[in-house]
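Enquirer: pasting the structure only:
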């Protein structure tokens, strides 16, 4: 059954990005450490137009994620970095060059309307200004019988989770303490809620924890 | 090789206890959800003088922890709950009754000196007022060739980690979002540090993640 899934890397101390993100270091200081497992995986390298890498369990988890994803939702900062008082750069075309690694429609939550960017390789960036539910509706329509992937950042994941719109969480726990940064869950301020642990896949580089979220997050 | 190990349960959103701990709910609101896996395990029940429970993988992890622990270090709040301006209750004998589940010497970090409490079943509580290093030294001497276990709470774990005195972390990740509470790692304010992931044991109730901490936490 298609659903809404979050697939995101997190440090053991709960950060989805390091402190002080910048144009040079979009993942913040130490943030690359969260994704080393992905950078080393053959499937990640392939989806980013690179060769090599390891065909290991981590690579299979990423392949599965790509295979089951029909559309992506992400925040504006993930699309093009920090936002100044002048609003986003209207020339921004994302971090990923002309052939981004998504290969499906990507819906970018923003306050600034903009025409859809059609990139190479099947990726398009559509800008949604009327909220998380509208973005999800459009993403679901685009995804067909596949999942909608919430790619991040942390505040987007939190918003969908608190709205009860998230069906599955896949957290890639990296063996690192960042000490500071953007907390993935922060203090959600919800009632305690039990998740259904559906799968664990471990490698020396990362532990992939998968959970089903009940419909009663309040 | 004997070392200093932390063995502690954590919610997926990083809390080691729920909010608003009280005498009635020492683990805070929802905090019991972090330990359901332990409550259900045969070895936990046995060490607490109860019968029944499941002899499953979780139970084996606990058995191993008991078998390899020669002494325990814990904070004053873990020993006897919240601390008022009047200092701790000098009559307090811990949460666990006359036969506590430790069965080894326990060193309690506190600002209030007190005579050692000798309990039943091999547990003693010794009160240490001269800091975390002194407590560790005494615990190591008592532990012989076994590990020193840091039992918590969160601030004790943070202090030892930042002092570079922690060799191993075993985090029992419970499939629950607490939304609020006492953050296990909080914002440590250290430089990002990679850990060595040494073991993952998963059950439907909990994922046991084990890491070796390098000697260079700064």
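Expert: Ah, there it is. Note that the structure is predicted; figures quoted are calculated from it, not measured.
Enquirer: got any ranges where chain A has weak pLDDT?
Expert: Counting by pLDDT under 70, chain A contains low-confidence residues at A:1, A:81-90, A:216.
Enquirer: Skip the chain neighbours and tell me the closest residue to the residue nearest the centre of it.
Expert: For chain A, residue A:151 is the residue whose C-alpha lies nearest the centre (C-alpha atoms, centre = their mean; 1.6 Å). Of all residues not flanking residue A:151 in the chain, residue A:74 sits nearest, at 4.4 Å (C-beta to C-beta, 6 or more residues apart in numbering or on different chains). (Glycine included, C-beta is placed from N, CA and C.)
Enquirer: Residue A:110 is in contact with that neighbour, correct?
Expert: No. Contact criterion C-beta atoms under 8 Å: residue A:74 and residue A:110 do not qualify, at 10.0 Å.
Enquirer: just to revisit the earlier point, tell me which helix or strand comes right after the helix or strand harbouring the residue nearest to residue A:151.
Expert: Using DSSP states H and E, residue A:74 maps to strand A:69-75. Using DSSP H and E, the helix or strand that follows strand A:69-75 in sequence is helix A:76-80.
Enquirer: Show me what the next helix or strand after that following helix is packed against.
Expert: Using DSSP H and E, the helix or strand that follows helix A:76-80 in sequence is strand A:105-109. Using 3 or more C-beta pairs under 8 Å, 6 or more residues apart in numbering or on different chains; DSSP states H and E, the elements in contact with strand A:105-109 are strand A:69-75, helix A:76-80, strand A:124-128, helix A:132-143.
Enquirer: Would you convert these into CSV that also reports mean neighbour count?
Expert: Below are those laid out as CSV (neighbours: other C-beta atoms under 10 Å in any protein chain shown):
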stretch, mean neighbour count
strand A:69-75, 23
helix A:76-80, 22
strand A:124-128, 20
helix A:132-143, 18
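Enquirer: Nearest to residue A:204 among these would be which one?
Expert: Comparison of these against residue A:204 by C-beta to C-beta identifies strand A:69-75 as nearest, at 25.9 Å.
Enquirer: what pairs with the closest one, and is each one parallel or antiparallel?
Expert: If you go by DSSP bridges, strand A:69-75 pairs up with strand A:105-109 (parallel), strand A:147-152 (parallel).
Enquirer: Name the surrounding residues that touch the last one.
Expert: It stands for strand A:147-152. Under the contact criterion C-beta atoms under 8 Å, 6 or more residues apart in numbering or on different chains, strand A:147-152 has outside partners A:2-8, A:16, A:65, A:68-75, A:78, A:106, A:136, A:139-140, A:156-157, A:160, A:166, A:168.
Enquirer: now stretch A:114-123
Expert: With C-beta under 8 Å, 6+ apart as the contact definition, stretch A:114-123 has outside contacts at A:90, A:93-94, A:96, A:98-106, A:124-127.
Enquirer: Please compute how far it lies from its chain's middle.
Expert: Distance, stretch centre to chain centre, for stretch A:114-123: 18 Å (C-alpha atoms, centre = their mean, to the nearest Å).
Enquirer: and that stretch, which residues are buried?
Expert: For stretch A:114-123, burial by neighbour count (16 or more other C-beta atoms under 10 Å in any protein chain shown) applies to A:117, A:119, A:123.
Enquirer: Assign residue A:121 to helix, strand or coil.
Expert: helix (DSSP: H, G, I helix; E, B strand; the rest coil).
Enquirer: nope, residue A:191 is what I meant
Expert: The three-state label given to residue A:191 by three-state DSSP is coil.
Enquirer: picking up where we left off before, what sits up against the strand holding residue A:74?
Expert: Residues outside strand A:69-75 that contact it (C-beta under 8 Å, 6+ apart): A:2, A:5, A:102, A:104-109, A:132, A:135-136, A:139-140, A:142-153, A:155-156, A:160.
Enquirer: count of neighbours near the closest residue to residue A:129 other than its chain neighbours?
Expert: Sequence neighbours aside, residue A:113 is the residue nearest to residue A:129 in space, at 5.1 Å (criterion: C-beta to C-beta, 6+ apart). Per other C-beta atoms under 10 Å in any protein chain shown, the neighbour tally for residue A:113 reads 9.
Enquirer: What separation do you get for the closest residue to residue A:110 other than its chain neighbours and residue B:9?
Expert: Once flanking residues are discounted, residue A:110 sits nearest to residue A:76: 4.2 Å by C-beta to C-beta, 6+ apart. Per C-beta to C-beta, to the nearest Å, residue A:76 is found 36 Å from residue B:9.
Enquirer: do the same with residue A:101
Expert: Distance, residue A:101 to residue B:9, by C-beta to C-beta: 36 Å.
Enquirer: The two: which is more packed in?
Expert: Shown here are residue A:101 and residue B:9; by other C-beta under 10 Å, residue B:9 has more neighbours (25 against 16).
Enquirer: Helix or strand for that one, just tell me which one.
Expert: Per DSSP H and E, residue B:9 falls inside strand B:4-11.
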